[in-house]
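Engineer: fold the following, please.
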Amino acid sequence: MKIGNVLSAKGLAFVMLFSLLVLAANQVNFSPILGGAANKSFTLFQFLGPVAGGFLGAGIGALSVLLAEVVSFAWLGTPINMLNIALLAPMLAATAYFALYSRGKFAGAAVSLLCMVAFIAHPIGQQAWIYSLYWLIPAIALALPEHLFLRSLGSTFTAHSIGSVVWLYAFPSTPAFWLALIPVVAFERFMFASGISIYYVAMNALFSRVEAIAKSGFVFVDRRYALAPASAKMR
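Structural biologist: Model prediction:
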């Protein structure tokens with residue numbers, strides 16, 4: 001995507017729109033983070049964040065997500081420390097994976113595979129290594145025929161891999177803790193992948209109509225999920 005398109009009035013408007021949508025989603029709690037700090041929850045951000053990469057591309061999509069996360073930090077008064085900065089990374093990686101999936105970029109799977117190595121390298125992780133097998137899913141999703149749910153599943157497990165490794169190294173835990181999470185993660189990530197898929201279809205339908213009027217050519221609309229003709233860049 002050309003930087004000139006991003007800096008245009010319409011381009012900036014779309015980036016701001018996505019950032020505002022993601023920011024709003026980040027304020028709506030979905031489920032508590034088990035084993036986490038008090039009052040920490042997953043939000044609808046887990047559903048909406050990755051799809052920014054599908055419409056805006058890896059770089060600009062991640063930028064819109066980062067902008068929303070930074071504003072959310074400021075809004076909530078989140079302390080600026082290494083842990084909280086590191087926790088920005090999961091959704092940025094998930095956004096990039098979602099953007100690069102249809103192009104067959106194996107680099108998207110490299111993140112989760114490196115997280116497997118980091119998890120098993122930790123003394124606690126070594127004893128719960130089976131937990132990290134979840135992070136083969138992003139690579140498997142790239143190897144299978146293209147499908148929206150697989151794309152969403154690979155994206156949410158990419159975020160999960162980074163978040164888990166950050167948590168492992170930042171907080172004390174036991175092998176039993178990670179092993180007990182295995183069935184919870186299966187249900188949780190199935191729900192997240194389903195939500196990402198639903199949001200992507202719904203927003204394709206929305207942006208196909210918006211682009212038919214705005215004709216910005218800035219947003220990528222997937223023709224398979226566009227329910228109305230659009231002048232957007234189709235793929």
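Engineer: this protein: strands as residue ranges?
Structural biologist: 29-32, 41-43, 220-221, 233-234 (DSSP state E).
Engineer: now the helix ranked longest in the chain: buried residues?
Structural biologist: Longest helix in the chain, counting residues (DSSP state H): helix 175-214. Neighbour-count burial for helix 175-214 flags 175, 177-178, 181, 185, 188-189, 191-193, 195-197, 199-201, 203-205, 207-211, 214 (criterion: 16 or more other C-beta atoms under 10 Å). In this view, the C-beta of every residue, glycine as well, is placed from N, C-alpha and C.
Engineer: quick one: list the elements packing against that helix.
Structural biologist: helix 45-48, helix 51-56, helix 123-127, helix 148-170, strand 220-221 (3 or more C-beta pairs under 8 Å, 6 or more residues apart in numbering; DSSP states H and E).
Engineer: restricting to C-alpha, output the longest one in PDB.
Structural biologist: The C-alpha trace of helix 148-170 is given here as PDB (Å, rounded to 0.1, in the frame of the first residue of the first chain):
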ATOM      1  CA  LEU A 148     -11.700 -17.900   6.700                       C
ATOM      2  CA  PHE A 149     -12.000 -19.900   9.900                       C
ATOM      3  CA  LEU A 150      -8.500 -21.300   9.600                       C
ATOM      4  CA  ARG A 151      -7.200 -17.800   8.900                       C
ATOM      5  CA  SER A 152      -9.000 -16.600  12.000                       C
ATOM      6  CA  LEU A 153      -7.800 -19.500  14.100                       C
ATOM      7  CA  GLY A 154      -4.200 -19.000  13.000                       C
ATOM      8  CA  SER A 155      -4.500 -15.300  13.900                       C
ATOM      9  CA  THR A 156      -5.900 -15.800  17.400                       C
ATOM     10  CA  PHE A 157      -3.300 -18.500  18.200                       C
ATOM     11  CA  THR A 158      -0.500 -16.200  17.100                       C
ATOM     12  CA  ALA A 159      -1.700 -13.700  19.600                       C
ATOM     13  CA  HIS A 160      -2.100 -16.500  22.200                       C
ATOM     14  CA  SER A 161       1.500 -17.700  21.700                       C
ATOM     15  CA  ILE A 162       3.000 -14.300  22.500                       C
ATOM     16  CA  GLY A 163       0.700 -13.600  25.400                       C
ATOM     17  CA  SER A 164       1.400 -17.000  27.000                       C
ATOM     18  CA  VAL A 165       5.100 -16.600  26.700                       C
ATOM     19  CA  VAL A 166       5.000 -13.100  28.100                       C
ATOM     20  CA  TRP A 167       2.900 -14.400  31.000                       C
ATOM     21  CA  LEU A 168       5.200 -17.300  31.600                       C
ATOM     22  CA  TYR A 169       8.300 -15.200  31.900                       C
ATOM     23  CA  ALA A 170       6.600 -12.300  33.800                       C
END
